[in-house]
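Enquirer: next input, structure requested:
(2 chains)
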Amino acid sequence: MPTTTSPRARPRRRLGAIALALMVALQVAATAGCSEKSEAPSGPVTLTLWSWVPDLHEQVNMFQAAHPNIKVNLVNAGQGSAEYTKLRTALTAGSGAPDVAQVEFQLIPSFRVTGDLVDISKYGANNIKGDYVEWAWAQVSDGDAVYAVPWDSGPMGLLYREDILRKHNIAVPTTWDEFATAARKLHAADPKVYLTNFPPNEGGVLTGLAWQAGSRPFHLKDKTTITVGLNDPGALKMAQFWDGLLKEGVVSHEPDFTDAWYQGLNNGRYAAWVTAAWGPVFLSGSAKSTAGKWRATPLPQWSAGENVSANWGGSTLAVTKQTKHPAEAAELAMWLMHDPQTAKLYTTKQFLFPVLKNLLTNPEFVDQKFEFYGGQQVNQIFGAAASQVDVTFQWSPFQDFVYSTMNDEVGKAVSGQQSLAEALHAVQRKTTDYAQQQGFTITG
Amino acid sequence: MSMGQLVPTTSARAAAARPRPAPSRAARRRQLRGRTVAPYLFIAPFLLVFVAFLFVPLAYAFRLSLYADRLVGGEVFVGLDNFRRAASDPAFWSGVRRMALFGLFQIPIMLGLSLIFAILLDAGVVHLRRLFRLVVFLPYAVPAVVAALMWGFLYGGTFGPFAQLADKLHVTAPQFLSSNWMLASIANIVTWEYVGYNMIIMVAALQAVPRELHEAAAIDGASEWQIARRIKIPLIAPALVLTSVFSIIGTLQLFNEPQIMTAIAPEVVGSSYTPNLYAYSLAFPFRQINYSAAISFVLGAVVFAGSYLFIFLTRRRRR
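Expert: A predicted model of the protein is given here:
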């Protein structure tokens, strides 16, 4: 998701970076003050929690009601990479990090490798292991060690404008071949409409699409030896497919989560959105004017009859090494994620896609009908996708570098300076260079 | 008047003429010390802040630049390795080249506009001088972040006012946020922000030019244009050099505007679009604080070289 760090401006531009650092430091100092107040668990303990999930204070209040001795200071430190940059800065600086922070699955190894996350298995994290879907738990644990508690996930699917496809007599694509045909036909019928938008800035989508095509870019043999294959056959198959559509000009290529992109979803410029399980509710809030016109369908397949999905997004709560109250912090993370009432509220209030087995099979969740999707039971589509995600997929321990480099290189690709396949080769080259500089041994 | 009366007077005068009894050596030393310590006490507040906020961070950054903190192996001393890498880092140098190209066009246009406005103001050609001065200067009071966000909206390809106007007139507006236009679009924001600031410096310099010179020239029959060209501009040359050097430094260190643009057009403005943005990306998202420190020093050297070259060239020309 987009990063916006807002450095202060005057006097002159050089101070921008300094001001930013200062701002972070101030924020850091402000939150540090809170966590330092109390030492002994006998008195009330104050914990700082960083998260960008909307309306989380409701669940936090439930936690505080159940734990009169723990006060929680909830801070929205930015979404995605904006938060990670601040978190990394505070962790590197040695003070100012929150006790508990929201971290997406793909970043867990990156924070783990620097020793910034507390192993919460000694606080009973393994007692709740059995309640989670297997792959989600696999992403946050390493043997018996547990580095975060899973929150939600993002098995991928396709949301499309039923009215637009019907108007142009286009069948809902079930394979990528059909998808390409539909894209050509739709754009020819109405040059102002694209079947979908290919976001050049979204490492998560690119990775998810490659994942579905069989790409397994990273494999850590041990702590210092890594295989890097960002341009493996699966990734290239995916890149060549989108290269074709981009070259023909039948899909658009605007960055996502920007004003122009929201407009595109609202005004029918995009007839479909390749998204994940958190997408349906997000869209119903962002494109209100199109209510009732959208439907959900599984991600198109590479071969007819297959059922393969991938994952984009999904978060966890992790306890940072700077906490002075690891037991209370672990309790906060586990309780917020696992308490039956609290966890259920995420699916009805924030509409996160659950990773708790009992919620995934709860009829209230599975059979819920969405007016925005013409009464469709959208969760059934994504629930099925959740079981079609390969659970062995691994992230690199420097995923923020990978996503940022993807953004640079794919950006050059959509502006015509290189093909998407060449972009992946460049990402591969830069990432192996980076891994070597970081001291890793690269193996084929 | 008796002689007797004179005696005390003369003796007093003699006493006055006689050199004062030499102060003791200790006293003199005390006095000297007072004289040497006092100036330092006066500049101490400045010196303290200078050392704490410029010298210490610089020294710390230099120390950082000699190490590498690796995910595998931790922190190791690498000597000048980071500088060697910076010297041949295409991401860094393409950013420097981009900013050089930017400055080559943007600085003359911006300072040219500032100079024209300053001369118009000074010549009293403009009505409502105060209002004019305020309006031109006002963008400088808008924080650069706000300015960049605002222009980012104006540039918007599907809903920006330029695009909508062009649509109404059945023409296509340029894609301001595309890779071909981005540099010019940022140059426009920067020009908008700093024309007024530079104009104020030039107006101040123009006001210091003695009025007699204009009057003499006017009496000799010089036109306003000739007065401006032959008298005013040569006399405010130091101010022009000053604003140019400020602009060169500012250009090479451009950060806010491209940083905001990464959110609006991430596919165009990447992590190394400008050298400063690259240093930031290295330090924060890429976890290479050490290499970032080295890049910052190299950028500092480039800024110094650029400014010095400019001063050197303009000095030779004036001679």
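Enquirer: now the residue nearest the centre of chain A: closest residue in space that isn't a chain neighbour?
Expert: When CA atoms, centre = their mean is applied to chain A, the residue found nearest the centroid is residue A:313 (2.3 Å). Spatial nearest neighbour of residue A:313, excluding adjacent residues (CB to CB, 6 or more residues apart in numbering or on different chains): residue A:154 at 3.6 Å. Any C-beta I mention is one placed from the backbone N, CA and C, and that applies to glycine too.
Enquirer: in the stretch 201-350 of chain A, what residue is nearest chain B?
Expert: Proximity to chain B, evaluated over the stretch 201-350 of chain A using CB to the nearest CB, is greatest for residue A:201 at 3.7 Å.
Enquirer: please name the residues that touch residue 126.
Expert: The chain I'm using is chain A. Residues near residue A:126 by CB atoms under 8 Å, 6 or more residues apart in numbering or on different chains: A:144, A:146.
Enquirer: actually, chain B is the one I wanted.
Expert: By CB under 8 Å, 6+ apart, the contact list for residue B:126 reads B:120, B:132.
Enquirer: now the strands for the stretch 51-200 of chain B?
Expert: For the stretch 51-200 of chain B, applying DSSP state E, counting those that start in this stretch gives strands covering B:67-70, B:74-77.
Enquirer: same deal with the stretch 251-400 of chain A?
Expert: With DSSP E, counting those that start in this stretch as the criterion, the stretch 251-400 of chain A has strands at A:270-276, A:294-298, A:315-319.
Enquirer: out of these, deepest packed?
Expert: Mean neighbour count (mean count of other CB atoms under 10 Å in any protein chain shown) peaks for strand A:315-319 among the strands of the stretch 251-400 of chain A, with a mean of 27.
Enquirer: next one: it to chain centre, how far?
Expert: 13 Å (CA atoms, centre = their mean, to the nearest Å).
Enquirer: before we move on, which element is residue A:178 in?
Expert: Per DSSP states H and E: residue A:178 is located in helix A:176-189.
Enquirer: and that helix, how far out from the chain middle?
Expert: The chain centroid and the centroid of helix A:176-189 are separated by 28 Å under CA atoms, centre = their mean.
Enquirer: please apply the same query to stretch A:84-99.
Expert: Remark: stretch A:84-99 is offset 20 Å from the chain centroid, using CA atoms, centre = their mean.
Enquirer: now that stretch - C-alpha only, PDB.
Expert: Presented in PDB, the C-alpha positions along stretch A:84-99 are these (Å, rounded to 0.1, in the frame of the first residue of the first chain):
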ATOM      1  CA  TYR A  84       7.400  -0.200   9.000                       C
ATOM      2  CA  THR A  85       9.800   2.700   8.300                       C
ATOM      3  CA  LYS A  86       8.900   4.200  11.700                       C
ATOM      4  CA  LEU A  87       9.100   0.900  13.500                       C
ATOM      5  CA  ARG A  88      12.400   0.100  12.000                       C
ATOM      6  CA  THR A  89      13.800   3.500  12.900                       C
ATOM      7  CA  ALA A  90      12.700   3.200  16.500                       C
ATOM      8  CA  LEU A  91      14.000  -0.400  16.800                       C
ATOM      9  CA  THR A  92      17.300   0.600  15.300                       C
ATOM     10  CA  ALA A  93      17.500   3.700  17.600                       C
ATOM     11  CA  GLY A  94      17.100   1.400  20.600                       C
ATOM     12  CA  SER A  95      14.100   3.200  22.100                       C
ATOM     13  CA  GLY A  96      10.600   4.400  21.100                       C
ATOM     14  CA  ALA A  97       9.200   1.300  19.600                       C
ATOM     15  CA  PRO A  98       5.700   0.200  20.700                       C
ATOM     16  CA  ASP A  99       5.200  -2.900  22.900                       C
END
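Enquirer: quick one: average pLDDT of it?
Expert: Averaged across stretch A:84-99, pLDDT comes to 93.
Enquirer: same question for stretch A:409-421.
Expert: For stretch A:409-421, the per-residue pLDDT averages 92.
Enquirer: can you give me the end-to-end span of that stretch?
Expert: With CA to CA, to the nearest Å as the measure, stretch A:409-421 spans 10 Å from end to end.
Enquirer: give the buried residues for that stretch.
Expert: Buried residues in stretch A:409-421, counting neighbours by 16 or more other CB atoms under 10 Å in any protein chain shown, are found at A:409, A:410, A:411, A:412, A:413, A:414, A:415, A:418, A:419, A:420, A:421.
Enquirer: quick check: phi and psi at the third one.
Expert: The phi and psi torsions at residue A:411 (degrees, to the nearest 10) take the values phi -60, psi -40.
Enquirer: which residues of the stretch 151-300 of chain B fall in helices?
Expert: B:161-168, B:182-207, B:211-219, B:224-227, B:233-235, B:237-252, B:256-264, B:275-283, B:289-318 (DSSP state H, counting those that start in this stretch).
Enquirer: which parts of the third one are buried?
Expert: Of all the residues in helix B:211-219, those buried under the rule 16+ other CB under 10 Å are B:214, B:217.
Enquirer: so who does the closest residue to residue A:223 other than its chain neighbours touch?
Expert: Leaving aside its chain neighbours, residue A:223 sits nearest to residue B:72 (7.3 Å; criterion: CB to CB, 6+ apart). By CB under 8 Å, 6+ apart, the contact list for residue B:72 reads A:223, A:224, A:438, A:439, A:440.
Enquirer: just the helices from the stretch 51-200 of chain A, written as ranges.
Expert: Ranges of helices in the stretch 51-200 of chain A, per DSSP H, counting those that start in this stretch, are A:57-66, A:81-93, A:108-112, A:134-140, A:162-167, A:176-189.
Enquirer: closest one to chain B among the ones you listed?
Expert: Of the helices of the stretch 51-200 of chain A, nearest to chain B by CB to the nearest CB is helix A:81-93, at 4.7 Å.
Enquirer: hang on, the earlier thing: who wins for proximity to residue A:120 among the helices of the stretch 151-300 of chain B?
Expert: Distance to residue A:120, taken as CB to CB, is lowest for helix B:289-318 among the helices of the stretch 151-300 of chain B, at 28.4 Å.
Enquirer: the closest one vs chain A: in contact?
Expert: Yes. Judged by CB under 8 Å from any CB of the partner chain, helix B:289-318 comes into contact with chain A at residue B:289.
Enquirer: so which elements touch that helix?
Expert: The contact analysis (3 or more CB pairs under 8 Å, 6 or more residues apart in numbering or on different chains; DSSP states H and E) places helix B:289-318 against helix B:56-65, strand B:67-70, helix B:81-87, helix B:90-122, helix B:237-252, helix B:275-283.
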